[in-house]
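S.K.: this one's structure only:
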């Protein structure tokens, strides 16, 4: 396995039970990234399923997970010819950290979309014209594991000039040789900074619930991320992310509800 593969690996210890070592390199200020946690939970769900891909994951984040040992418990709810559904729970220090309802299926890599909506693939400047967030800020941890190049027009918040529009756009890939797959998509849908930063929010914005859908098996190469939101009210905001692959296909979608950073 590559670095990301090793970092998200699960080891079966019994029927529906897995041990995992959560990797602190995918954390911000000690809190492990939610997309990374979903990748771990999805690996366990797929391992116990007759199907290859996590086509729907609805995760509720109950408390912060930190680097170190944890357990994943997979409780099957339905197993069918085309889909299987399980309740998957991450337990750390004897407490539930994440509950996720994961539905698995098998996507055909050769399937072409029979219809797409009018919204085009998000337009991004060439890679060389985009901002390398990690290089600019000197970030370690999560920012050192992913290669993200941001559309500069959506990054005014970084210099104290939020755009006033809940929108972020970026190129995305892992820094290790791990090509895009289902588990990299789980990471990608939660990789952008909170879109509320462009509305003047400050600091960490904890995700309360995030649902993501895998729509296709991604082609090798860079992914394109487009994040947006509809409402910031009373400290709560929503965020939607679309992930497009190098072949110009929509391969993942997500929606989350989160708390505004303070």
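M.R.: Yes, it's here. Quantities reported herein were computed from a predicted structural model and do not represent experimental measurements.

S.K.: show me where the stretch 1-150 of the chain has strands.
M.R.: 11-14, 17-22, 27-28, 31-32, 53-61, 68-79, 84-92, 95-105, 131-132, 146-150 (DSSP state E, counting those that start in this stretch).

S.K.: Return the per-residue confidence for residue 200.
M.R.: We have a pLDDT of 88 for residue 200.

S.K.: what's the distance between residue 135 and residue 202?
M.R.: Here the criterion is CB to CB, to the nearest Å. By it, residue 135 lies 23 Å from residue 202. For every residue, glycine as well, the C-beta is placed using N, CA and C.

S.K.: How about residues contacting the top helix by length along the chain?
M.R.: Longest helix of the chain, by residue count under DSSP state H: helix 34-47. Helix 34-47 is touched from outside by 7-10, 12, 18, 20, 22-23, 26, 52-54, 57, 59, 61, 65, 72, 74, 86, 88, 90, 97-98, 100, 102, 104, 142, 182-184, 186-191, 207, 210, 212, with contacts defined as CB atoms under 8 Å, 6 or more residues apart in numbering.

S.K.: And it, what's buried?
M.R.: Within helix 34-47, the residues scored as buried using 16 or more other CB atoms under 10 Å are 34-46.

S.K.: How many residues are close by the closest residue to residue 189 other than its chain neighbours?
M.R.: Counting by CB to CB, 6 or more residues apart in numbering, residue 254 is the residue found nearest to residue 189 once chain neighbours are left out, at 3.7 Å. Neighbours of residue 254 under the rule other CB atoms under 10 Å: 22.

S.K.: need the contact list for residue 254.
M.R.: Contacts for residue 254 were tallied using CB under 8 Å, 6+ apart; they are 189, 190, 210, 211, 212, 213, 240, 241.

S.K.: separation between residue 190 and residue 239?
M.R.: In terms of CB to CB, residue 190 sits 9 Å off from residue 239.

S.K.: where do the contact lists of these two overlap?
M.R.: With CB under 8 Å, 6+ apart, residue 190 and residue 239 have common neighbours residue 256.

S.K.: Help me confirm that residue 220 is found in a strand?
M.R.: No: Residue 220: not assigned to a strand; according to DSSP: H, G, I helix; E, B strand; the rest coil it is coil.
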